[in-house]
Structures are given as C-alpha cells and as structure tokens.
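*Asks:* got a structure for you, letters missing:
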C-alpha cells in the first residue's frame, strides 16, 4: 500500500553522502508488486469514473505544488526525463535547494541522449513505474493507476477531452484543470484533427533486439549510434510526441501550417516533454504495447546483447518512500518483477520476457555469455558516393535526389556487387545510406519516410522493399545551451538489400523522402501540413565491413 505523506517524511530524515540531496538511500531490493492497485485502464474507461479522474487531478496538482527540489514534485519527476537548462536556473531562483540536486545522476536521463536504442523501453518502463508510485501517494489513493491512451483504437484518435478542458476560473480566467496545458497543437486539442492510421501503426517486428540498432522492436546495442532508434521508438512513440506537441504561438487559424512566430509545444521537444501531463498516458500505452508484443507467439529475442549489458545498473530512480533504486537492466526486462498489469492483459499469455535471455538474474557478469550483437568494425566505412544537396523537405510532396557512385575499387573489389559477394566467410559487408546534417526548426506535422530507387509512378508503401526507414527527428533540438543533443545530426539506413537486388544501378542511388501526415482534418478543417523546416545537408553512401 502506498505510504502516506506523513510516513514518507518521517522515513526520510537521514541524508545520503554523495547524492547531493538530503534523502535516504536504501539500495535493498524490495517487493514491487502492489496487489491492492487497480490495473492500468484504457483512458476512455478511466474517465467514466469521477472518483478516479478526481484522484488523478488531485495528485498532479499536489505534485505541481511541491518545491522543484522535492523528488516527489512534478518538476523533479519531469526533469528525470529531461529539462531545459534555463528552466533549471529559474527553478533555482524559486527554490535554492535545486542547486543541491545531483543532476548528473537523476536528471536528463532519458535514453534519447546517446544511449543504445535498446535502453528505450526498459528505461521508460522503470521511469513510468516510479512516477506512478509517487502519483498514487500524492492522490492518497492506493488503488490509483495510470490510464493508457489507446490510440491504436480508431475510436480513440481524437485528443482526450480530460486533458483538453482547461476548466478556467470564471473570474480570473486561469485554467483550473492540472491536466491541461496550452503548449500543445491547439487545433488537435480543439478536436479539429485526429491521428492518422500511419501515425499510430505499431511495427510488426519479430525480434526484440535487432542486429543493428535501427532494427528490432526495442532497437539494439549494435552500432552504438546515438541517432538510431528501435522500431517502437520511431513509431508510434516519436510521431505522437510531434502530433501532440505540435507548434504553438501566433500562427493564424487560416493557415495552421504556418510556423511564423511559433515554437515547439512541450511534447515535441525532449527537454520539455515530460512536463506535459499527457506524456504519462502516452508512455503508459507504449509500455502496454510492449506487453502486447511480449505475448505474441512468434516473438524471439533476436540479436541478444552480452550478459554484462544485462547486469549493468546505469539508472537511478527515487522511489516513493525516499529510497533510491539502482537495479540491473535484466530486472526491468523480466516479466512480473514490477507487478505491472493492464486491463488488456490476456490470461492465456505466455510472455517472452518470463524467460529473459540471461542465465540467473543475480549472477551478474559470471553468467554464461549469450550471443552478442555488439558490432566490431574491421575497417572504417568506405565512401562510394556523396552529394552536397542542401535539401529542404516538403510536407506536401515527395523530395527526390540522386547520388552517383565513384568508380574506385571497394575494399579491393572491382565493383560494389563484387565487394558484397566475395567477402570472406567471417566478414559481413553492407551498404548504408547516410543523410548528413539533418536539421529541424519546428515540430513537423508529418513523418518523413525514406525510400531508395522507388520506381516512377509507384505508390510509396512501408511494406515495399524500397522502404529503408523513417527519419528519427524527435530529439534533434535547436541549441539549448548545455543540452547534449541539438543541432544537425547524421542518420544511417541499411540499403544492402537494395544493392543486392536484380536491376540495381551500379552507378547511382536515387533517394526519395516521402511526407506522411500525422493528423487528418475533421469537421471541415483544412489539411495540416507543416514541414518543420526539416533540411538535409548531404547524402552519402558507404560500404561497411563488420565481423560476422
């Protein structure tokens, strides 16, 4: 049962050296299952219960009223994901104790910043779990659980009304609903648009861990490229962040696609996303989608990381009782360890994660090593083509550019095809398309799918062999001072299958970037097509060589 605030405070009087904050550190593993809590419910069912809605609003308001330095506060919990440096400075002026927070350990921890993509699901499951415990305690309702926004259901693709109603005070005109925030795509929140099927489509991936980071349901630990993402993170996760956050400011209703005088909404920017209350019902659903995937019969672990990766303890979280939890990755991966359950859970489910790909959870690095997906490059990638394109993408029509290949030998072979077919048995060669210098000015209202050698007149489909991936734009930020990810980035796409296909042109590669709307109009609204100022500086094609 959740602790009362009195019990929390009375149990939190001791201090911990080295953490930079006066809260106790209990690193003893505890039983996390809470049988008295309700399962996480569909949001559309949750809102039918006035008591649950009132409890959720009460809890959010209590957390928002707490000092930013308090680990149970809204500011602190949101900053665990990420926070703007200027917001931290402003918080210090209101609460000098913010200066004592060990920010390096507790804030800006989301895996959007430089971690392997396979961390995404594990870290966010833990993050939402500990937040939920703090929320439950603030509500003083031990049965409260976070609802999930089931936008994969066609009937639930409009903006949730409980988060859209500001409930403004008739005298002051100030919003009274703590779930409301004006820093969102206003037309979506007003009901003029709904999510498109393309925005919410769940990837049909068999492997949990991909052979490369851009593959697999959860991603991978292969190339350690900070800009690559797993399939569930690419979509629907990232796309919902842009659709919800959108662009806010001074654009006119006559031109909702205009970015003049606008800035990103909270959800569209990593350093502000978790400050929006709707972040939590979105991520609750991402966690549920993982649970649904976990129960499908044909799922496999895929390219399993090393045992040492599972045994690492890279993350620190404050729990509701003031303790600090620092547990192995394998703990968060294993089914049932946290006691999380959804109302959509099937009684016949046999989760893949009931048998994680580790020897014994407590064995640390002494367990039997599993097959590792960590890639050891034998030689640096060899460039075979480059075009300085300075390409600004359109939200309305596909954009196509070509890059010519150089006639120089590839790893000693006379041609690209020969290089791919005569490699030694211990070597795997591939071809990669690199889009260099990708920049984003504002949140686009479209996703950008990337195709190679798309036949003229053919309708672009993600199921087609020409589709190679989607631009991962969430996390590419304008400069925010000390934030670790901003400015231009490079993204790599595997085009080896295309290079091996019959009829592949050995002299050139044609790249097409196709915009796909995230929102579709309702009730006579105009189409919302905002390009976000997305630009690409150069296109590069390289041949890679790694150990099998």
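*Replies:* Thanks, I have it. Since this is a predicted model, take the numbers as computed values, not measurements.
*Asks:* gap between stretch 314-329 and the chain center?
*Replies:* Distance of stretch 314-329 from its chain centroid, counting by Cα atoms, centre = their mean, to the nearest Å, is 21 Å.
*Asks:* now do the end-to-end distance for that stretch.
*Replies:* Stretch 314-329 has an end-to-end distance of 8 Å (Cα to Cα, to the nearest Å).
*Asks:* what about residue 155, which SS state?
*Replies:* When classified by DSSP: H, G, I helix; E, B strand; the rest coil, residue 155 comes out as helix.
*Asks:* if we ignore the residues flanking it in sequence, what's nearest it?
*Replies:* Nearest non-adjacent residue to residue 155, counting by Cβ to Cβ, 6 or more residues apart in numbering: residue 44, 7.8 Å away. In short, each C-beta sits where N, CA and C put it, glycine included.
*Asks:* isn't there a helix covering residue 442?
*Replies:* No: according to three-state DSSP, the state of residue 442 is coil, so it is not within a helix.
*Asks:* longest strand anywhere in the protein?
*Replies:* For the chain, the strand with the greatest residue count under DSSP state E is strand 377-392.
*Asks:* wait, is residue 38 part of a helix?
*Replies:* No: using three-state DSSP, the assignment for residue 38 is coil, not a helix.
*Asks:* quick one: contacts for it?
*Replies:* Taking Cβ atoms under 8 Å, 6 or more residues apart in numbering, we find residue 38 in contact with 143-145.
*Asks:* distance of the residue nearest to residue 155 from residue 150?
*Replies:* 7 Å (Cβ to Cβ, to the nearest Å).
*Asks:* any common contacting residues for these two?
*Replies:* Shared contacts of residue 44 and residue 150, counting by Cβ under 8 Å, 6+ apart, come down to residue 156.
*Asks:* what about residue 392, neighbour count?
*Replies:* Other residues near residue 392 number 12, with proximity taken as other Cβ atoms under 10 Å.
*Asks:* revised request: answer the last question for residue 379.
*Replies:* Other residues close to residue 379 by other Cβ under 10 Å number 11.
*Asks:* who does it form a beta bridge with?
*Replies:* In this entry, residue 379 is beta-bridged to residue 545, by DSSP bridges.
*Asks:* how near is it to residue 468?
*Replies:* 23 Å.
*Asks:* of residue 44 and residue 150, which one has the most company?
*Replies:* residue 150 (22 against 16).
*Asks:* mind telling me what element the more buried one is part of?
*Replies:* Under DSSP states H and E, no helix or strand contains residue 150.
*Asks:* quick check: it touching residue 43?
*Replies:* Yes: Residue 150 lies in contact with residue 43 (Cβ atoms under 8 Å); the separation is 6.8 Å.
*Asks:* helix, strand, or coil at residue 450?
*Replies:* strand.
*Asks:* who's in contact with it?
*Replies:* Applying Cβ under 8 Å, 6+ apart, the residues near residue 450 are 433, 435, 467-471, 493, 511-514.
*Asks:* so where do the helices sit in the stretch 201-350 of the chain?
*Replies:* In the stretch 201-350 of the chain, the helices defined using DSSP state H, counting those that start in this stretch lie at 231-232, 239-245, 278-294, 307-311, 329-333.
*Asks:* redo those as TSV? Include mean pLDDT and distance to residue 125.
*Replies:* Below are the helices of the stretch 201-350 of the chain laid out as TSV (pLDDT from 0 to 100; distance: least, Cβ to Cβ, whole Å):
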stretch	mean pLDDT	distance to residue 125
helix 231-232	95	12
helix 239-245	97	17
helix 278-294	98	5
helix 307-311	94	15
helix 329-333	96	6
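*Asks:* which stretch among these comes nearest residue 352?
*Replies:* With Cβ to Cβ as the measure, helix 278-294 is the member of those nearest residue 352 (5.3 Å).
*Asks:* what is the distance between the closest one and the centre of its chain?
*Replies:* Centre-to-centre, helix 278-294 and its host chain are 11 Å apart (Cα atoms, centre = their mean).
*Asks:* and that helix, what does it pack against?
*Replies:* Packing partners of helix 278-294 (3 or more Cβ pairs under 8 Å, 6 or more residues apart in numbering; DSSP states H and E): helix 119-139, helix 231-232, helix 239-245.
*Asks:* would you mark the buried spots in it?
*Replies:* Residues 278-291, 293-294 are the ones in helix 278-294 that count as buried (16 or more other Cβ atoms under 10 Å).
*Asks:* and the angle from it to helix 119-139?
*Replies:* 130 degrees (axes from the mean of the first three to the mean of the last three Cα atoms, to 10 degrees).
*Asks:* and the longest strand of the chain, how far from the chain's centre?
*Replies:* Counting by Cα atoms, centre = their mean, strand 377-392 comes out at 27 Å from the chain centroid.
*Asks:* next structured bit after that strand?
*Replies:* Next along from strand 377-392, by DSSP H and E: strand 399-404.
*Asks:* OK, contacts around residue 76?
*Replies:* 66, 68-70, 101, 106-107, 318.
*Asks:* next: residue 62.
*Replies:* 138-139.
*Asks:* go again with 7 Å.
*Replies:* Residues counted as contacts of residue 62 (Cβ atoms under 7 Å, 6 or more residues apart in numbering) are residue 138.
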